[in-house]
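# Prediction below, plus the sequence it came from.
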Amino acid sequence: MKEDPTLADVFDRYVREPRRAIGRAKEQVLLANLVAPIGEMQCSRIVSQTYVQFVQSLKVKPQTVENDMLCLAARVHVARPAWGYPLDERQRVDARTVLKKLGATGTSRQRDRRPTLDELNRIIEHFAEIRTRRRTAHLCRR
């Protein structure tokens with residue numbers, strides 16, 4: 001009998017196996033999915049309506065839904081070919097089509113202003129700090 005884990009188990013394995021780090025935004029999406037009812041479902045039971053209902057329960061902006069669906073896609077895309085899990089990629093694709101037609105997904109609205117110099121400086125400082133942390137993070141893993 002083939003293994004039929006929960007979606008949360010798929011996400012957990014996806015996080016454990018790759019050799020590259022996962023960003024904070026993706027990690028937050030993963031955690032949200034793990035604690036949601038969809039995370040407790042077995043892969044074979046997840047259909048397009050499951051994804052649609054999950055996304056509609058989030059109460060977030062369309063651009064956030066789009067990001068969540070992209071994050072989810074990476075895990076679903078790997079689950080069957082890599083590990084033999086019965087997670088149907090077509091169901092996720094169908095759900096994304098439905099969500100797009102319903103206007104539940106989308107891109108960020110157009111910006112109507114440029115950042116100030118102070119904002120740009122804070123952004124540069126933020127990413128410089130991340131860069132420093134990443135350089136030292138590999139030393140801590142050994």
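Cool, the structure landed.
# what's the neighbour count on Val93?
Neighbours of Val93 under the rule other C-beta atoms under 10 Å: 15. Every C-beta, even on glycine, is put in place using the N, C-alpha and C of the backbone.
# meant to ask about Gly23
Neighbour count of Gly23, defined by other C-beta under 10 Å: 11.
# Also Arg92?
Neighbour count for Arg92, taken as other C-beta under 10 Å: 21.
# That one against Ala74, yeah?
No: look at Arg92 against Ala74 with C-beta atoms under 8 Å: they stay out of range, at 10.5 Å.
# And the average pLDDT for the lengthiest helix in the chain is what?
With DSSP state H applied, the helix covering the greatest number of residues in the chain is identified as helix 117-140. Averaging pLDDT along helix 117-140 gives 82.
# Need phi/psi at Val76.
Main-chain torsions, Val76, degrees, to the nearest 10: phi -60, psi -40.
# Show residues contacting stretch 111-119.
Stretch 111-119 has contacts (C-beta atoms under 8 Å, 6 or more residues apart in numbering) with Ile123.
# do the same with stretch 46-61
Identification of contacts with stretch 46-61 by C-beta under 8 Å, 6+ apart yields 7, 32-33, 36-38, 41, 64-65, 68-69, 72, 87-88, 91-92, 94-96, 98-99, 104-105.
# can you do 6 Å?
With C-beta atoms under 6 Å, 6 or more residues apart in numbering as the test, stretch 46-61 has contacts from 38, 65, 91-92, 94-95, 98-99, 104.
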